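# sequence and predicted structure, then a few things I'm wondering about:
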Amino acid sequence: TTAHLDAFTECAERLYCSYPDLASQFLPDVPKRGPAKPTITPTNELPVTPMTLKPAALEALRSALADEKKQPQLLQTNHASERLAYYHLLVRRHAGQVLILVPTKQDAEEIAASLSQQHGEEVLISTAQAGKHASWAEWEAVRDGKKRIIIATRSGVMLPCRNLACIAIDQEERPEHAQWEAHPRYDARDLAISLAKKLTIPLWAISHVPRIQTAYTQKHMVSSDIPPAQTIIHQTKNILDEATEQAAIACIGAGKSVLFVTPHKARARTLRCLDCQQGFSCPRCQHPLVEVDNRHLHCPSCRTDSDKPLACPRCKSLSIKSFGQGVAGLAEALRTYGVAPLSVIQSATNLDEIDLSKPQFVVSTPYTCKRILSVPHAPFGLLVLFHPEGVLFTPTHAANELYYRLIHWHRMFAHDYEGAQLLVQSGLTLGHPLHTTIIQNDHAAFEKAELAQRKARLLPPFSTLILVSASTDDAHRSQTAELITGILSPLKSSTTSILG
């Protein structure tokens, strides 16, 4: 029918972005899209960006852009203003559409606010929270070429850009670029690289601390070499180390605030029986439960709540203890000092309602740390990172990388404040190889050691890991296992192995 034909034509138009050869069979009147011809602007005519940027850093960004090639490239920046300055240069260089993929809506708004000062109506923000009607309007604006600068979250890689000239992946190390919590599961970074290769257009991965696999597979450029903030690491298992306590009180006495950062929102990270070492996991997804308060537990993975047991279900012992202080537990410990006001800031906190201009203790998580440090006239003199070694227990081959990156992020945050220190309370020994590379600021040594370990174990980027899973009831479990085995058995070869 006509309705079916219209619907099919609409689908073909939307797929035209990813499958131009296939779509052109059904839409012969639509011209085939080719890569846009870049407009090279002389260096001395580039716009002056509104950010404070050192001349050496700006020259490094211009040199990197001048060496642009039609293949994936990595640009490592050391400051937020360098990222924004590079996007100004990138948009000015290319006459066609420029797609900037960002991790979150807040990042999109930050970049759009900077680019809109010079490009106004050409800028479009596209996020999954826009709603159906707004998403359709965004889709039409991109398809018709009304918007030249598209700043979008991960789903933006599927927008039907007709004159796409360049793709940039902002903060490519952030996990938000991959969708794991719902189907279809995809990684926008991989799709963007595939799209750039298909269209033979340049792709830039912008990162503060790039992923190991990205640095290994793509041409690596560094924008500038900023000396890191002074970093002190203490080995302790207590809530507050004595040296940390003295440094915090001294900072308050000097008229500056102290920012305490813990990777966990709840009261404690894990719960364990001291007698039989039994841990507490979610009955639905087997993810470790976190302690919300004295009576409740929470699963960060599937968002389910449960009551805290009074005794261990295995040995019936009453010796149940929580480990790893979260935001709530750390705030409880700091209230006992009474030397300064205390503010607890989380993702839903309105910063306009909190006066950060006065010396105080501030407790937050890493993702809200960036928002806090962007507040003007906030006199932070000390940044304390509590027990980041919890990420080493994350079930991923990149656990060491997560630990290194978490500390390095906060080094850059501390660098934003002249004279600010970063103090890390960790349960790892001071001579741990990760701590050695962090204190020496030797990213090359960390990257070399991590690549050697992954190569010996055949982990990415030296292999590809594929998880095949199926869910069923208990009555059909054996049949499902046989079905999976039958599907995977033909795949066995010299280059493919089934791990379990």
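That came in fine, so what should we check first? Residues are numbered from 1 along each chain as shown.
# which residues of the stretch 401-500 of the chain fall in helices?
In the stretch 401-500 of the chain, the segments counted as helices under DSSP state H, counting those that start in this stretch are 433-439, 443-457, 477-488.
# got it, and the stretch 151-300 of the chain?
188-199, 212-217, 242-253.
# hey, C-alpha coordinates of the last one in CSV?
Once side chains and other backbone atoms are set aside, the C-alpha atoms of helix 242-253 remain, and they are given as CSV (Å, rounded to 0.1, in the frame of the first residue of the first chain):
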residue,chain,number,x,y,z
GLU,A,242,46.6,11.1,60.4
ALA,A,243,48.6,12.9,57.7
THR,A,244,45.4,13.6,55.8
GLU,A,245,43.7,14.9,58.9
GLN,A,246,46.5,17.3,59.6
ALA,A,247,46.7,18.5,55.9
ALA,A,248,42.9,19.1,55.8
ILE,A,249,42.9,21.1,59.1
ALA,A,250,46.0,23.2,57.9
CYS,A,251,44.2,23.9,54.6
ILE,A,252,41.1,25.2,56.5
GLY,A,253,43.4,27.3,58.7
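# centre of the chain to that helix, how far?
Taking the mean of its C-alpha atoms, helix 242-253 sits 31 Å from the chain's own mean (CA atoms, centre = their mean, to the nearest Å).
# kindly report the same for the shortest one.
Mean C-alpha position of helix 212-217 versus that of the full chain (CA atoms, centre = their mean) differs by 16 Å.
# by contact count, what packs against that helix?
In terms of contacts (3 or more CB pairs under 8 Å, 6 or more residues apart in numbering; DSSP states H and E), helix 212-217 is packed against strand 72-76, helix 443-457. For every residue, glycine as well, the C-beta is placed using N, CA and C.
# for the record, mean pLDDT for it?
Averaging pLDDT along helix 212-217 gives 86.
# residue ranges with poor pLDDT in the stretch 51-200 of the chain?
The stretch 51-200 of the chain contains residues with pLDDT under 70 at 51-57, 131-133.
# do you have the strands of it handy? List them.
Using DSSP state E, counting those that start in this stretch, the strands of the stretch 51-200 of the chain run over residues 72-76, 97-101, 123-126, 149-152, 164-170, 178-179, 186-187.
# and the angle from the fifth one to strand 72-76?
Computed by axes from the mean of the first three to the mean of the last three CA atoms, to 10 degrees, the angle separating strand 164-170 from strand 72-76 equals 40 degrees.
# how big is the angle separating strand 164-170 from strand 97-101?
Using the same axes, to 10 degrees, the direction of strand 164-170 lies 20 degrees away from that of strand 97-101.
# so what touches strand 164-170?
Identification of contacts with strand 164-170 by CB atoms under 8 Å, 6 or more residues apart in numbering yields 33, 35-36, 38, 83, 87, 90, 93-103, 107, 111, 177, 188-189, 192, 195-196, 199, 201-206.
# partner strands of that strand and their direction?
Taking DSSP bridges as the criterion, strand 164-170 pairs within the sheet with strand 97-101 (parallel), strand 203-207 (parallel).
# CA atoms only: put that strand into CSV for me.
As requested, the backbone C-alpha atoms of strand 164-170 are provided in CSV (Å, rounded to 0.1, in the frame of the first residue of the first chain):
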residue,chain,number,x,y,z
LEU,A,164,29.7,14.9,6.9
ALA,A,165,33.2,16.3,6.8
CYS,A,166,34.7,15.3,10.1
ILE,A,167,33.9,13.3,13.3
ALA,A,168,35.3,14.1,16.8
ILE,A,169,34.9,11.9,19.8
ASP,A,170,35.1,14.0,22.9
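# do you know how far the spatially closest residue to A248 that is not a sequence neighbour is from L199?
Distances taken as CB to CB, 6 or more residues apart in numbering put V258 closest to A248, at 4.7 Å, once the chain neighbours are dropped. From V258 across to L199, the span is 49 Å (CB to CB, to the nearest Å).
# if I look at K265, how far off is A399?
Distance from K265 to A399, counting by CB to CB: 20 Å.
# which residues does the residue nearest in space to the middle of the chain contact?
Central residue of the chain (CA atoms, centre = their mean): R174, 1.7 Å from the mean position. Applying CB under 8 Å, 6+ apart to R174 gives the contacts 103-104.
# picking up where we left off before, just the helices of the stretch 401-500 of the chain: most buried one?
helix 433-439 (a mean of 18; mean count of other CB atoms under 10 Å).
# list of residues touching it?
Helix 433-439 is contacted from outside by 231, 233, 400, 403-404, 407-408, 426, 428-429, 442-443, 445-446, 449, using CB under 8 Å, 6+ apart.
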